[in-house]
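Undergrad: need a 3D model of the following:
(chains A and B)
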Amino acid sequence: SQTIHQWPATLVQPVGSPLSLECTVEGTSNPNLYWYRQAAGRGLQLLFYSVGIGQISSEVPQNLSASRPQDRQFILSSKKLLLSDSGFYLCAWSLAGETQYFGPGTRLLVL
Amino acid sequence: KQEVTQIPAALSVPEGENLVLNCSFTDSAIYNLQWFRQDPGKGLTSLLLIQSSQREQTSGRLNASLDKSSGRSTLYIAASQPGDSATYLCAVDTGRRALTFGSGTRLQVQP
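TA: Prediction:
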């Protein structure tokens, strides 16, 4: 069966520090991968999606970036965090045309 | 631009009641619509997926309907239980490989 992992589960970082959140999927090949952010009191916003290694599409301009160094690994990064980057970050995977499966999320607090 | 709205934002009902959650979307050109459940501080769990050619899907006490022409979907929960308490999210897939989410309905089922 397929599983999706995210780490860390919780992160507290100072403004201006770098960020690296990792997401890995097991039990499937060539999945579509997604990064979403859920800010307090707001809905989920798609940040990035990837249909293959090295293929990243950005949905909104921001100081975040994403990379897919391996088929089942998706990384969300920032060189310098802003206060507004605080939120709940969710990674998801899907196969073409099928439902998306979400990871447990990473709660990021930027102080 | 696709926009998804969920009404009501919050709902509190006594145990045993049947209830309906509403979702509307502005662009009827969708591939599918999904309902998710999110427990506090957790990731999303897929409940039901309705393809654009379908009118409804059922899973246990849950029934979701889709009226694509009018841009509406409903999630019907029969005989609600305290364990149903969670936030319910509606999301549409417009074929851009990503989902557009509503802001959710926060459901509380009182024992």
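Undergrad: now residue 90: which helix or strand?
TA: Just going to use chain A. Using DSSP states H and E, A:Leu90 maps to strand A:87-94.
Undergrad: chain B, not that one
TA: strand B:86-93.
Undergrad: which other helices and strands does the next helix or strand after that strand contact?
TA: Next in sequence after strand B:86-93, counting helices and strands by DSSP H and E, comes strand B:99-101. On a contact count with 3 or more C-beta pairs under 8 Å, 6 or more residues apart in numbering or on different chains; DSSP states H and E, strand B:99-101 meets strand A:44-52, strand B:86-93. From N, CA and C alone the C-beta is placed, and that goes for glycine too.
Undergrad: what strands line up against strand B:99-101, and which way round?
TA: strand B:86-93 (antiparallel) (DSSP bridges).
Undergrad: pLDDT of the strand it pairs with, averaged?
TA: Mean per-residue pLDDT for strand B:86-93: 95.
Undergrad: so where's chain B shaky on pLDDT?
TA: Counting by pLDDT under 70, chain B has low-confidence residues at B:96-97.
Undergrad: hmm, try it at 80
TA: B:95-98 (pLDDT under 80).
Undergrad: contact partners for the most centrally placed residue in chain A?
TA: Residue closest to the average C-alpha location in chain A (C-alpha atoms, centre = their mean): A:Trp35, at 3.3 Å. By C-beta atoms under 8 Å, 6 or more residues apart in numbering or on different chains, A:Trp35 lies in contact with A:Cys23, A:Leu46, A:Leu47, A:Phe48, A:Tyr49, A:Ala66, A:Phe74, A:Leu76, A:Tyr89, A:Leu90, A:Cys91.
Undergrad: now swap in A:Ser77 and tell me
TA: Counted by C-beta under 8 Å, 6+ apart, A:Ser77 has contacts A:Pro18, A:Leu19, A:Ser20, A:Leu21, A:Leu64, A:Ser65, A:Ala66, A:Ser67.
Undergrad: narrow those to those in strands?
TA: A:Leu19, A:Ser20, A:Leu21, A:Leu64, A:Ser65, A:Ala66, A:Ser67 (DSSP state E).
Undergrad: I'd say A:Ile53 and A:Arg68 touch.
TA: Yes. Under the criterion of C-beta atoms under 8 Å, A:Ile53 makes contact with A:Arg68 at 5.5 Å.
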